[in-house]
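Peer 1: Attaching a predicted model along with its sequence, questions to come.
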Amino acid sequence: MRILITAGPTREYIDDVRYLSNASSGRMGYALAQAALTQGHQVVLVSGPVDLKPPEGCEFHSVETTDEMRDASVAHFPDCDGVIAAAAVSDYKPRERVEGKLAKTGGPISIDMIETDDVLAQLGAAKGSRWVVGFALESQNARENALQKLRAKNCNWIVLNHPTAIGSLDNQIELIDDTGHPIMKWAGAKQDISNQLIQWLETNLPDSSRDLG
């Protein structure tokens, strides 16, 4: 298979110096890329800024903003059999980026925020016979929110994890299908979980996806 994997955070700039982002390390996405390569698959890795070396043998695309991640993912998805969207994309961005550096005023300021484009939803809408695995990081009503995300973004499955996964070497995840029930649970090192997830996909892909070779 040829698999598109997204990883890491995105940045949304307030001005030319400051940005909004999150603490995603990218470890889960990079571990998935390594697992897929080790098991003989081709990998297109689209990554936000992280302190990790891309796995040897992958096709690597470095991005910074959510718009850049959207553009790179949408461009490469048609050449892939499926996508694992592990990136922690920023949900909001400033309506306008200030040129230069925003000066201190001595008082509070307000920044008008708007939603970023939904990368996973765009991939899900365009998937055709391809498969889509999304990630949901939830802190409350976790399974319910993950199921809503799966359905809204046309995913085949969604990986539910929790805020403790951010920056950690380990993770504890549930793989949820469109019934809303966890069909698999894995815990341990992110590399071990990634190996098991790739192996699971190899034997559980939709029949239409297998035709893609």
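Peer 2: Thanks, I have it. Numbering: from 1, shown residues only.

Peer 1: pLDDT score assigned to the spatially closest residue to Q196 that is not a sequence neighbour?
Peer 2: Of all residues beyond its chain neighbours, the one nearest Q196 is W186 (5.3 Å), with distances taken as C-beta to C-beta, 6 or more residues apart in numbering. Bear in mind the C-beta positions are built from the backbone N, C-alpha and C, glycine included. pLDDT, W186: 95.

Peer 1: Also A165?
Peer 2: We have a pLDDT of 80 for A165.

Peer 1: residues near the closest residue to V132 other than its chain neighbours, how many?
Peer 2: Spatially, and ignoring its direct neighbours in sequence, V132 is nearest to C155 (4.7 Å; C-beta to C-beta, 6+ apart). As a burial measure, C155 scores 27 neighbours (other C-beta atoms under 10 Å).

Peer 1: Could you look up the SS state of C155?
Peer 2: coil (DSSP: H, G, I helix; E, B strand; the rest coil).

Peer 1: That one contacts L123, correct?
Peer 2: No: contact criterion C-beta atoms under 8 Å: C155 and L123 do not qualify, at 9.0 Å.

Peer 1: What distance do you get for A88 to A33?
Peer 2: Relative to A33, A88 is positioned 15 Å away (C-beta to C-beta, to the nearest Å).

Peer 1: If you count surrounding residues, which of these two has more?
Peer 2: Using other C-beta under 10 Å, the more surrounded residue of A88 and A33 is A33, with 31 against 23.

Peer 1: Identify each buried residue in the strand or helix carrying that one, please.
Peer 2: Per DSSP states H and E: A33 is located in helix 27-38. Using 16 or more other C-beta atoms under 10 Å as the test for burial, helix 27-38 gives 27-37.

Peer 1: swap in stretch 131-142?
Peer 2: In stretch 131-142, counting by 16+ other C-beta under 10 Å, buried: 131-137, 142.

Peer 1: any idea which of the buried residues of helix 27-38 is closest to G100?
Peer 2: Nearest to G100 out of the buried residues of helix 27-38 is G29 (C-beta to C-beta; 33.2 Å).

Peer 1: I'd like to know how far the closest one sits from V83.
Peer 2: Distance of G29 to V83, computed by C-beta to C-beta: 11 Å.

Peer 1: Mutual contacts of those two, please.
Peer 2: The contact sets of G29 and V83 overlap at 5-6 (C-beta atoms under 8 Å, 6 or more residues apart in numbering).

Peer 1: contact partners of the helix ranked longest in the chain?
Peer 2: The single longest helix within the chain, with elements called by DSSP state H, is helix 190-204. Defining contact as C-beta under 8 Å, 6+ apart, one finds that helix 190-204 is touched by 1, 27-28, 31-32, 34-36, 38-39, 41, 82, 84, 131, 133, 159, 168-171, 173, 175, 184, 186-187.

Peer 1: now the angle from that helix to helix 27-38?
Peer 2: With axes from the mean of the first three to the mean of the last three C-alpha atoms, to 10 degrees applied, the angle from helix 190-204 to helix 27-38 works out at 50 degrees.
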